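1. sequence unknown, structure follows:
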């Protein structure tokens, strides 16, 4: 590697961005990333050294499991001292889950880990893949006036916006603007120039790096809906190996107050199942003390997920359970912001929370 040049490790896990269309069948197939610079010659002009690691075979993001999160984390851990930044190419369907999971793995992170992908393959004329890839690498390589990485956290770049990884959700299956961070400001905007929003970027200065790669998959998501039956709720909460549940409630954390539903929750909590209350709304937060129903859920023993995403709440549960903590410790840490995944307190100004969406 050239002296004083920033070095970036590009990790291709799979996904549309690394696909080409077979001219005979029309089927999308992964291409050999040894030829990446031929497909995206602009990479030569970035002024940094780029190395590539591939999952073999590449995985469709719908096939990603916690085992792949561990594999990806291990690649970064093994190469952490060799590179200045990391760019992860990942399929869009589960990218928000993987970005959230990796954010919890790396405590004391002081180098950029940038996720990106595309809605169209790089080989397509109208692809969004080239811009996403080039900008993600440029962000991973960026340094401030003091020589520090501009964004030393796990982030996700897509269609002009850089977002905190554990604050993102996929919002569109067919638009280039496929991701959004509804409850936290964007970290950067890539227009003619890349504008970094320093106040929104987290730094772990003085915290030693720790890598914790164990996830416990014995969790579930229970989304409430009008007319949900007792059989459905009890079937999920009654899973013998279940340890944690993300309960997607209505509005600011409300749920039906029918006796059988409350009793099912009480029985689950009594069995040391950690239940985290998150809202189904794309913006806003759970405030369990606002209404009587929320207070009752709190009294039963549910934990407020505040304004974290379902993806973040689920992967955080898997991470904490994987560390072997007691039920009480998992509950305690679910209420903390470990990697900026939730906002601890609403603003006191004006009697409510300040809007967190950053628009340009």
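-> Arrived safely, thanks for sending. Please read these numbers as outputs of a predicted model, since none were measured by experiment.
2. three-state assignment of the closest residue in space to residue 252 that isn't next to it in sequence?
-> Once flanking residues are discounted, residue 252 sits nearest to residue 287: 4.7 Å by C-beta to C-beta, 6 or more residues apart in numbering. Bear in mind the C-beta positions are built from the backbone N, C-alpha and C, glycine included. Look at residue 287: counting by DSSP: H, G, I helix; E, B strand; the rest coil, its state is coil.
3. and the gap between residue 287 and residue 211?
-> 34 Å (C-beta to C-beta, to the nearest Å).
4. do the same with residue 336
-> Residue 336 is 19 Å from residue 211, by C-beta to C-beta.
5. with neighbour numbers in mind, choose between those two.
-> Between residue 336 and residue 211, counting by other C-beta atoms under 10 Å, residue 211 is the more crowded of the two (14 against 11).
6. which of the helices and strands in the protein ranks last by mean pLDDT?
-> Between all helices and strands in the chain, the lowest mean by mean pLDDT, DSSP states H and E belongs to helix 36-39, at a mean of 63.
7. and after it, which helix or strand comes next?
-> The helix or strand immediately downstream of helix 36-39 is strand 49-54, counting by DSSP states H and E.
8. by contact count, what packs against that following strand?
-> strand 7-12 (3 or more C-beta pairs under 8 Å, 6 or more residues apart in numbering; DSSP states H and E).
9. name every strand pairing with the strand it packs on and say which way it goes.
-> Take DSSP bridges as the rule and strand 7-12 pairs in its sheet with strand 49-54 (parallel), strand 85-89 (parallel).
10. need the ones you listed in CSV with distance to residue 250 and mean pLDDT, can you?
-> Listed next are those as CSV, based on distance: least, C-beta to C-beta, whole Å; pLDDT from 0 to 100:
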stretch, distance to residue 250, mean pLDDT
strand 49-54, 43, 91
strand 85-89, 34, 97
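11. most tightly surrounded among these?
-> strand 85-89 (a mean of 27; mean count of other C-beta atoms under 10 Å).
12. strands along the stretch 251-360 of the chain, start to end?
-> For the stretch 251-360 of the chain, strands defined by DSSP state E, counting those that start in this stretch occupy the ranges 274-279, 303-304.
13. ok, back up a step: got a list of what the residue nearest to residue 252 touches?
-> 252-253, 294, 304, 346 (C-beta atoms under 8 Å, 6 or more residues apart in numbering).
14. and if you look at residue 295?
-> Residue 295 neighbours (C-beta under 8 Å, 6+ apart): 288-289.
15. then residue 74?
-> residue 213.
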